[in-house]
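> please find the sequence and the predicted model below.
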Amino acid sequence: MTENTQTTVPEEQSQSRELPARISIPPIRGEMVRLRPATVADLDKLDTLNAYHGASRITGKDRVAERAVVHAWVRRSVAWSGGKLPNESGVGDPEARRTIAWAVLTDADHDGDHEVDAASTDNVIGMIFLIDIDGWARSARIQVILGEDYRGRGYSRDLMPRVMTYGFAPEPAGLGMHRIWVAVPEQNTRSVSVYQSLGFVPSGTSRDALWDASHNKYQDLVVMDTLADEYDPIRSLDAFGMHVLEDNPGVKEAMSAREHSMALKQNQAGEEKASDETARTKQSAAQASADPVQEQPDTPGIEAKPKTAAAGDEGPSWPYSADDRKPSKEAWWRTLGRGRKRDNE
């Protein structure tokens, strides 16, 4: 008689490593911007926006190279959304890594002239990409490019967490990525600060990987990343006084996965704490047996000292406390950039 046996496969291993042959790129809504799938026609708008200005300082590429890769990313995104193979995108892709490109749009009127700032480019102010999407490793790189006059206004802080939430959300609501990473020149300290606020941590440095033309020397390329069980879709927005918009793609799924991960960590921490308390109790009992303490008589008028918290006792570990939240109406980005233009990131 043959006994039927079942083998439990971890969720991470059972997940398909094949990306879909065709993807429907969802629109994403923010509080300052909205995203729609980028088109080849949007590429000329980036030239109008002077979006490649200062590329060597922001990404480490010269503006000609930066323009070329952006054109390739958009064409690969359009090809994937049309169900074409990577080698049918017109730019080639020997590793068959896919790309998603969104156009960034805003209705903002920062100069107070009662006209949309980006009216000449149909409200487009830049693009955001998930590139090097690796189905096997479940990894993707994120990058933003904005017009010269739209940098430093907080747009990246609004759109990046929402794209990352979609990237991490389980399929089919999201891409089901395990890791999202960025690469930034060491001198671009402003971007590094933004990425850290979003939960990215430095994971490595490529020494002298870029040429810094402005200072005529090499500079390092800093790689930063965050993982699905580390990324917090709420705190990443709270850090900038923004709110989760639950009707965006993947939000509910990403939040559910995050809460599950947090519950596992809290249970593990509770078990470790209980184990430590048990060990301390046994140690105290052993010490009491070896060196008994004489009882002190009660003394009228003297109150017992309050019991202090034991070493290792901690408060609630739930991260979304009210004290950490910043009301949107008081957010710094509500007025940042009004009446002036920024020349660099």
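Good, I have the coordinates.
> where does pLDDT dip in the stretch 1-150 of the chain?
1-16, 92-96, 110-112 (pLDDT under 70).
> tell me where it has strands.
For the stretch 1-150 of the chain, strands defined by DSSP state E, counting those that start in this stretch occupy the ranges 28-29, 34-37, 98-105, 124-134, 139-146.
> I131 and R179, how far apart?
13 Å (CB to CB, to the nearest Å). For glycine as for every other residue, the C-beta is placed from the backbone atoms N, C-alpha and C.
> overlap in contacts, the two.
Taking CB atoms under 8 Å, 6 or more residues apart in numbering as the criterion, I131 and R179 both touch A140.
> and stretch 177-190, end to end?
Start-to-end span of stretch 177-190 (CA to CA, to the nearest Å) is 26 Å.
> would you indicate which residues of that stretch are buried?
For stretch 177-190, the neighbour count (16 or more other CB atoms under 10 Å) marks M177, H178, R179, I180, W181, V182, A183, V184, P185, E186, Q187, N188 as buried.
> R162: which of the strands of the stretch 1-150 of the chain is closest?
Of all the strands of the stretch 1-150 of the chain, strand 28-29 sits nearest to R162, with 5.1 Å by CB to CB.
> other residues contacting that closest one?
Under the contact criterion CB under 8 Å, 6+ apart, strand 28-29 has outside partners R34, L35, W102, L159, R162, V163, Y166, L245, D247, N248, P249.
> and those as TSV, adding neighbour count, secondary structure and distance to A239?
Formatted as TSV, those follow (neighbours: other CB atoms under 10 Å; DSSP: H, G, I helix; E, B strand; the rest coil; distance: CB to CB, whole Å):
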residue	neighbour count	secondary structure	distance to A239
R34	19	strand	21
L35	23	strand	20
W102	27	strand	22
L159	25	helix	14
R162	28	helix	14
V163	24	helix	16
Y166	26	helix	19
L245	14	coil	16
D247	7	coil	22
N248	21	coil	18
P249	22	coil	22
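> I'd like those as JSON lines, with distance to A257 appended.
As requested, the contacts of strand 28-29 are exported to JSON lines (distance: CB to CB, whole Å):
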{"residue": "R34", "distance to A257": "25"}
{"residue": "L35", "distance to A257": "22"}
{"residue": "W102", "distance to A257": "22"}
{"residue": "L159", "distance to A257": "21"}
{"residue": "R162", "distance to A257": "16"}
{"residue": "V163", "distance to A257": "17"}
{"residue": "Y166", "distance to A257": "13"}
{"residue": "L245", "distance to A257": "18"}
{"residue": "D247", "distance to A257": "18"}
{"residue": "N248", "distance to A257": "15"}
{"residue": "P249", "distance to A257": "14"}
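> those helices in the stretch 201-345 of the chain, which residues are they?
Under the criterion DSSP state H, counting those that start in this stretch, helices of the stretch 201-345 of the chain are mapped to 235-238, 251-290.
> least confident of those helices, on average?
Ranked by mean pLDDT, the helices of the stretch 201-345 of the chain bottom out at helix 251-290, with a mean of 73.
> report the distance from that helix to the chain centre.
28 Å (CA atoms, centre = their mean, to the nearest Å).
> so which elements touch it?
On a contact count with 3 or more CB pairs under 8 Å, 6 or more residues apart in numbering; DSSP states H and E, helix 251-290 meets helix 155-168.
> quick check: next helix or strand after the helix it packs on?
Heading C-terminal from helix 155-168, the first helix or strand you meet, by DSSP states H and E, is strand 179-185.
> tell me the angle of that following strand relative to helix 155-168?
On the basis of axes from the mean of the first three to the mean of the last three CA atoms, to 10 degrees, strand 179-185 is oriented at 150 degrees to helix 155-168.
> any idea how far strand 179-185 is from the chain center?
Distance, stretch centre to chain centre, for strand 179-185: 10 Å (CA atoms, centre = their mean).
> tell me the angle the helix or strand just after that strand makes with helix 155-168.
Downstream of strand 179-185, the next assigned helix or strand under DSSP H and E is helix 189-197. Here the directions of helix 189-197 and helix 155-168 differ by 40 degrees (the same axes, to 10 degrees).
> helix 189-197 packs against which elements?
Helix 189-197 packs on helix 155-168, strand 179-185, strand 217-227, going by 3+ CB pairs under 8 Å, 6+ apart.
> perfect, that will be all.
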